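1. From the sequence below, what's the structure:
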Amino acid sequence: MEVRKAVLPVAGWGTRFLPATKAMPKEMFPIIDKPVIQFIVEECLSAGIENIVFVTGRHKRPIEHHFDINTDLEKHLEQCGKIELLKNIREISRLINPIYIRQKEQLGLGHAVLVSEPVVGKEPFVVCLGDVIIKDEENVLKKMIEIYSRFGKSVIAVFEVEPRDVSKYGIISGKLIEDNIYIVDDLIEKPKPEEAPSRLAIVGRYLFTPKIFEKLKVTPPGKGGEVQLTDAMKLLLEEEAIYAIKIDSSVYDTGTPIGYIQTVLEFALQREELKDELVKFMKNLIIEPSEV
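-> Model (predicted):
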């Protein structure tokens, strides 16, 4: 069955960025001139997925506004002759079919995915975390869809992390069956370095069969009363295979202050019109006071 829908859970409070996130979703924070969430939506579009299911909360209305058509702004840009800007804002609002569903209580990532069931139905679907940007010459979601088309089972994207970082991620153990493709044996959520079965961390891209909904419904709440997606995936493993694809892409985690700052800097250094001035500024900034 064709993969036609992507679920983007974006209802979280973003407490690590308070007070900024009291009124502005962290997914709308700009990476120079484009909000984080737009990078993820463009990734979905590039993979041929136009139906984007946003699992939102009452404080996430700016996301809806961003992907809506703003006729007044378009008219203004057209009158000013800013055709390239006009093209950019038109493309994203007209190319996707946004679907918004409310997560009334923030009860974890697993719960957010479960909330999307009435929209997704009995189809395979993609889940993309709204604060992880992946840059790759070959679209990661496309690779995952290709694996799904071969095996007909759920697929997750993983990347190799340093031992000190395994406690930040869900970690898999698995058997390599061909180049960069594993069949998963087990998943552990944020293990201690000495308990991690590997250094292969789930990177925030999932492709699920609809059977995941059955498992989410019977997954007991874990830490903090939240339904963990990893726990539901462990239950799914008892009945059907899960595959993993190891990626060598550039992964940007914008969900923490330091990760967000690093992402902005790296993206700015990749922009020709910004690079020289930024490098000059940074060099001056890090000069020791005694050398000034």
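
2. helix/strand/coil for Thr230?
-> helix (DSSP: H, G, I helix; E, B strand; the rest coil).

3. whoops, Ser173 was the one
-> Of the three states, Ser173 takes strand according to three-state DSSP.

4. Neighbours of it, how many?
-> Other residues lying near Ser173 total 15 when counted by other Cβ atoms under 10 Å. Bear in mind the C-beta positions are built from the backbone N, C-alpha and C, glycine included.

5. What of the one 5 residues further on?
-> Neighbourhood size, Glu178 [other Cβ under 10 Å]: 7.

6. what about the strands in the chain?
-> 5-9, 30-31, 34-35, 51-56, 97-102, 125-128, 132-135, 154-160, 170-178, 181-189, 200-208, 242-246, 250-253 (DSSP state E).

7. For Lys223, which of those is the nearest?
-> strand 181-189 (8.8 Å; Cβ to Cβ).

8. Can you tell me the closest non-neighbouring residue to His59?
-> Pro25 (7.0 Å; Cβ to Cβ, 6 or more residues apart in numbering).

9. neighbours around the one you found, how many?
-> Other residues near Pro25 number 27, with proximity taken as other Cβ under 10 Å.

10. quick one: contacts for it?
-> The contact partners of Pro25, by Cβ atoms under 8 Å, 6 or more residues apart in numbering, come to 10, 14, 37, 59-60, 62-63.

11. Could you check the pLDDT of Lys104?
-> We have a pLDDT of 88 for Lys104.

12. wait, what's in contact with Ser154?
-> For Ser154, the contact set (Cβ under 8 Å, 6+ apart) comprises 148, 206-209, 212, 233, 236, 240-243.

13. shaky segments in the protein?
-> Applying pLDDT under 70 to the chain flags the ranges 288-292.

14. Report the buried residues of stretch 52-61.
-> For stretch 52-61, burial by neighbour count (16 or more other Cβ atoms under 10 Å) applies to 52-57, 60.

15. This completes my enquiry, with thanks.
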